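[1] With the input below, show me the fold.
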Amino acid sequence: MKILYYDCFSGISGDMNLGAMVDLGIDIEYLRSELGKLHLDGWELTSEKSQRHGITGTKITVRQTRHEHVHRHLSDIDKIITGSTLSEKVKNLSMKIFLKIAEAEAAVHGIPLEKVHFHEVGAIDSIIDVAGAAICFNALGVEAVYVSEVELGSGFVDCAHGRLPVPAPATSEIIKGIPVKLGNVDFEATTPTGAAIVTALGTLFGTGPMLTVKKTGYGIGQKEHPVVPNLLRVFLGETNEDHSQGHRAVLMEANIDDMNPEFYDHIADNLFRAGAADVFFTQIIMKKGRPGVILNVICESGSENKLKEIIFTESTTLGMRSFEFNKDTLARETFKVNTIYGEVMVKRSFFGGKQVSVKPEYEECRKIASERNIPVKEVYNNIISAIVNNR
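    Numbers count the residues shown, from 1 in each chain. As a prediction, this is how the structure comes out:
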């Protein structure tokens, strides 16, 4: 199984994460190109090699090329992300990360989610950090993310609300329930954005995995410390553990027979943004011969509450069922293949270490078909031919 292991011995921030991803091999031009799909002006992304305590890594800096006095609400962030031309997977993961931050801010300030307005996190550089994290994760094609104990730091940090203790209250809320360390460095080691990234991506926390390391990436932080290097270390590797038993997940079901069917698409979008792994609908016949629909939602154990809230507030159902079950998934990875349309991202799946399927990403096929005004099946078949010829 292909995994990422975040070694957060000196914390994590959004720019440190991007640095580690580029250091692992994500092409900086690819990252810039994908971020351009946000259609945001007024920023530039720079990448440079740097060192902390003699260790070389990549330092990413997001510079705003114009000053903005904008306090964005979650709905404003949602419009930027969903209005982009990024893939649906990247959009959903980006909003999942932002939702972590919004829920924390709402809890800290005692206000409804829709009333939360972002200060630092609403700035362009944080939007780039979050969307960039989702882009890189999607490009790496890993199946699991393990996270070490997260160093939070100590001291005080200045922000829009004034001088606050480290960890900042929002960070404390986001990181709740995850193993952490405090005080190994005298600055804010983990930011709200960094905390949201690891909590949104992480599948196992606190314990290092048994893995075969393929690559190691170092993201350079903005601080200097005489004892602890301000670095985020991320391992890309494989584990030989037997995952034939899969892992535990939750299936939630709700019978619905009295709702405008146009609402289903909206509900599904909200569920995906809130972290659902899958959402699908099943036609059924209910009592007295009434046609109905089962809303089916699959999620990871522990993430049910937010999804239940969406189901009960957005749909007309009066009740739902929840089942814990065993979820088995194939190992997957993505790679680029040369085609008549240029380089195209392709995904392949493995069972027991053997490839069992390979296919192009549908979103890329659709984009090519739209740009060239040709049938999507023609694009798909030509890419499959290129995959076969490149073997």
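[2] A helix includes residue 296, no?
    No - under DSSP: H, G, I helix; E, B strand; the rest coil, residue 296 sits outside any helix and is assigned strand.
[3] State the distance from it to residue 311.
    The gap separating residue 296 from residue 311 is 11 Å, by C-beta to C-beta, to the nearest Å. Using the backbone N, CA and C atoms, a C-beta is placed for each residue, glycine as well.
[4] With residue 10 instead?
    Note on residue 10: its distance to residue 311, by C-beta to C-beta, is 40 Å.
[5] If you count surrounding residues, which of those two has more?
    Taking neighbours as other C-beta atoms under 10 Å, residue 10 and residue 311 compare with residue 10 leading, 25 against 22.
[6] So the chain: which segments form each domain?
    What automatic domain parsing lists as the domains of the chain is 2-238, 247-327, 331-389.
[7] what's the least confident stretch among the ones you listed?
    Mean pLDDT across the domains of the chain is lowest at domain 331-389; the value there is a mean of 87.
[8] Any idea how far apart the tips of that domain sit?
    With C-alpha to C-alpha, to the nearest Å applied, domain 331-389 spans 23 Å between its terminal residues.
[9] Can I get stretch 198-212 in CSV? Just the C-alpha atoms.
    Taking C-alpha atoms only, stretch 198-212 is exported to CSV below (Å, rounded to 0.1, in the frame of the first residue of the first chain):
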residue,chain,number,x,y,z
VAL,A,198,-3.1,16.8,8.6
THR,A,199,-6.5,16.2,10.3
ALA,A,200,-8.3,16.2,7.0
LEU,A,201,-5.8,13.8,5.3
GLY,A,202,-4.7,11.7,8.2
THR,A,203,-5.9,8.1,8.6
LEU,A,204,-3.7,7.1,11.5
PHE,A,205,-2.2,9.3,14.1
GLY,A,206,0.6,9.1,16.7
THR,A,207,2.3,5.8,15.7
GLY,A,208,4.9,5.5,13.0
PRO,A,209,4.1,2.8,10.4
MET,A,210,6.3,-0.1,9.3
LEU,A,211,7.1,1.0,5.8
THR,A,212,9.7,0.9,3.0
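[10] winner for burial among the domains of the chain?
    With neighbours defined by mean count of other C-beta atoms under 10 Å, none of the domains of the chain is more surrounded on average than domain 2-238, at a mean of 19.
[11] where do the helices sit along the stretch 251-391 of the chain?
    263-273, 304-314, 362-372, 376-389 (DSSP state H, counting those that start in this stretch).
[12] Kindly report the same for the stretch 1-150 of the chain.
    Counting by DSSP H, counting those that start in this stretch, one finds helices in the stretch 1-150 of the chain at the ranges 14-24, 28-35, 74-82, 88-109, 124-140.
[13] Reformat those helices as JSON lines; add distance to residue 368.
    JSON lines is the format used below for the helices of the stretch 1-150 of the chain (distance: least, C-beta to C-beta, whole Å):
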{"stretch": "helix 14-24", "distance to residue 368": "26"}
{"stretch": "helix 28-35", "distance to residue 368": "15"}
{"stretch": "helix 74-82", "distance to residue 368": "22"}
{"stretch": "helix 88-109", "distance to residue 368": "17"}
{"stretch": "helix 124-140", "distance to residue 368": "18"}
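[14] Among the ones you listed, which comes closest to residue 359?
    Shortest distance between residue 359 and the helices of the stretch 1-150 of the chain, using C-beta to C-beta, is found for helix 88-109: 14.9 Å.
[15] Please identify the residue most distant from the middle of this structure.
    The outermost residue of the chain relative to its centre, with distances by C-alpha atoms, centre = their mean, is residue 288 at 44.0 Å.
[16] any idea how far it lies from residue 31?
    Taking C-beta to C-beta, one finds residue 288 at 56 Å from residue 31.
[17] what sits against the nearest residue to residue 249 once chain neighbours are set aside?
    Spatially, and ignoring its direct neighbours in sequence, residue 249 is nearest to residue 327 (3.9 Å; C-beta to C-beta, 6 or more residues apart in numbering). Residues counted as contacts of residue 327 (C-beta atoms under 8 Å, 6 or more residues apart in numbering) are 246-249, 298.
[18] Show me where the stretch 151-300 of the chain has its strands.
    Counting by DSSP state E, counting those that start in this stretch, residue ranges of the strands within the stretch 151-300 of the chain are 156-159, 162-165, 180-181, 204-205, 212-220, 231-238, 247-256, 278-285, 291-300.
[19] Kindly present the ones you listed as a markdown table, with separate columns for distance to residue 318.
    A markdown table is the format used below for these (distance: least, C-beta to C-beta, whole Å):
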| stretch | distance to residue 318 |
| --- | --- |
| strand 156-159 | 43 |
| strand 162-165 | 43 |
| strand 180-181 | 40 |
| strand 204-205 | 36 |
| strand 212-220 | 48 |
| strand 231-238 | 45 |
| strand 247-256 | 9 |
| strand 278-285 | 16 |
| strand 291-300 | 13 |
